[in-house]
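**Q** Have a look at this prediction, sequence included:
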Amino acid sequence: SQKIEQNSEALNIQEGKTATLTCNYTNYSPAYLQWYRQDPGRGPVFLLLIRENEKEKRKERLKVTFDTTLKQSLFHITASQPADSATYLCALDMSSFNKFYFGSGTKLNVKP
Amino acid sequence: DVKVTQSSRYLVKRTGEKVFLECVQDMDHENMFWYRQDPGLGLRLIYFSYDVKMKEKGDIPEGYSVSREKKERFSLILESASTNQTSMYLCASSPGRENTEAFFGQGTRLTVV
């Protein structure tokens, strides 16, 4: 069965540094991959989508890479700020129906 | 502004009760989802609907059923609530086309006592 793996340990970094989060998947070749942000007690909010034929996607301080050979996506936040502290989730569409499966998320703590 | 609204933010129910969680979206989306989220386990898909009256099981459908009689509304039903169904329940919707994202409700924190 499909597995979507994210580092379950929290990532602690200093303000101003670049945070890098990893999403690995197995047994599937998704056409695209998404990243979401989730704050405590709230639903996830969409951040970025990257297609299988795109190596890299950027949005302001966010950058996502997608390596279909390694079956891995990396999510970068440059010049991180305490307000970036949240849990970040990756998601794959596992069917032609837009049926989304999520990783367990990685909690990012940015310290001032 | 797009909106997915879940009927309750917090809910406390007794073991054995039949529980209804309601979700409404105002974006005319084809697809709707119910997930539960537990610490360390992430979001797990319970049920998915890609059209009115159409549904598919997700990874953990046992103990749950769903109803989608109208496009904008997707209900999750706990037939006989048990304590292991205490969780955060999240509803989401998406347009149903490729390369589109999911929009989530604010979540319902259900406690079964």
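**A** Right, received. Where do you want to start? Numbering: from 1, shown residues only, chains lettered A, B, ... in the order given.
**Q** what sits against B:Met54?
**A** With contact set as CB atoms under 8 Å, 6 or more residues apart in numbering or on different chains, B:Met54 has these partners: B:Arg68. All C-beta spots, glycine's among them, are computed from the backbone N, C-alpha and C.
**Q** rerun that using 10 Å as the cut-off
**A** The neighbourhood of B:Met54, defined by CB atoms under 10 Å, 6 or more residues apart in numbering or on different chains, consists of A:Phe97, B:Glu30, B:Asn31, B:Phe48, B:Arg68.
**Q** That one bridge partners, please.
**A** In this entry, B:Met54 is beta-bridged to B:Asp51, by DSSP bridges.
**Q** Tell me what residue 38 is bridged to.
**A** Reading this off chain A. Taking DSSP bridges, one finds A:Thr87 as the beta-bridge partners of A:Gln38.
**Q** Let me rephrase: I mean chain B.
**A** Applying DSSP bridges, one finds that B:Asp38 bridges with B:Gly42.
**Q** I figured it hits B:Thr86, correct?
**A** Yes: under the criterion of CB atoms under 10 Å, B:Asp38 lies in contact with B:Thr86, with a separation of 8.9 Å.
**Q** between the two, which one's more packed in?
**A** Under the criterion of other CB atoms under 10 Å in any protein chain shown, the comparison of B:Asp38 against B:Thr86 puts B:Thr86 first, with 16 against 13.
**Q** what's the pLDDT at that one?
**A** On pLDDT, B:Thr86 comes in at 98.
**Q** And it, its phi and psi?
**A** In this entry, B:Thr86 is assigned phi and psi values of phi -60, psi 120 (degrees, to the nearest 10).
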